[in-house]
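Novice: Okay, here's the prediction I keep looking at, along with the sequence it came from:
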Amino acid sequence: MNETSSSPRSSAARHTTIAPSTSLFFLAAALSLLGSVALFFSGDHTRGIFVGLWVPSILSAGNLLLGNNHDRH
C-alpha cells in the first residue's frame with residue numbers, strides 16, 4: 001500500500017514558523033525566568049519569586065494580545 005502526497009501524515013508534517021511578535025513574548029518570559037533564578041539564588045528570595053510570577057503573566061498577555069492565529073482545517 002503506497003502513501004500519496006495528500007495523506008494526513010504529510011499535511012501534519014508542514015514546516016511552521018514563529019512570528020517575530022510571538023518570539024518577543026517568549027524572549028521576555030525567558031529573561032524573566034532567568035532573572036528570577038538569578039535573584040533567588042543570589043539570596044534575594046522575595047524578589048526572585050516576584051519576578052518569577054511575571055513569566056505566566058507575560059505568556060498570558062502574549063496569548064491575549066496576539067490571539068490564536070493557527071489554521072484550523
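Specialist: Received, thanks.
Novice: Please tell me the pLDDT value assigned to the most centrally placed residue in the chain.
Specialist: Nearest to the geometric centre of the chain sits Phe26, at 4.6 Å (Cα atoms, centre = their mean). Per-residue pLDDT puts Phe26 at 93.
Novice: so how far is Val55 from it?
Specialist: From Phe26 over to Val55 the distance is 10 Å, taken as Cβ to Cβ, to the nearest Å. To be clear about C-beta, it is placed using only N, CA and C from the backbone, and glycine gets the same treatment.
Novice: just Ser21 next, same as before
Specialist: 18 Å.
Novice: Which one of those two is surrounded by more residues?
Specialist: Val55 (17 against 10; other Cβ atoms under 10 Å).
Novice: can you list the residues that contact the strand or helix carrying the more buried one?
Specialist: Following DSSP states H and E, one finds Val55 within helix 54-66. Helix 54-66 is contacted by residues Ala19, Ser21, Thr22, Phe25, Phe26, Ala28, Ala29, Ser32, Leu33, Ser36 when judged by Cβ atoms under 8 Å, 6 or more residues apart in numbering.
Novice: what about 10 Å?
Specialist: Helix 54-66 is contacted by residues 19, 21-33, 35-36 when judged by Cβ atoms under 10 Å, 6 or more residues apart in numbering.
Novice: Would you map the helices across the chain?
Specialist: Remark: helices assigned in the chain by DSSP state H are 8-12, 20-41, 45-52, 54-66.
Novice: helices or strands up against the second one?
Specialist: Counting by 3 or more Cβ pairs under 10 Å, 6 or more residues apart in numbering; DSSP states H and E, the packing neighbours recorded for helix 20-41 are helix 45-52, helix 54-66.
Novice: In terms of mean pLDDT, which of those helices ranks lowest?
Specialist: Taking the mean pLDDT of these, helix 54-66 comes last: a mean of 93.
Novice: roughly how far is it from the heart of the chain?
Specialist: The chain centre lies 9 Å from the centre of helix 54-66; the measure is Cα atoms, centre = their mean, to the nearest Å.
Novice: If we go by neighbour counts, what in it is buried?
Specialist: Trp54, Val55, Ile58, Gly62 (16 or more other Cβ atoms under 10 Å).
Novice: again, but for stretch 40-55
Specialist: Of the residues in stretch 40-55, Phe40, Gly48, Val51, Gly52, Trp54, Val55 count as buried by neighbour count, 16+ other Cβ under 10 Å.
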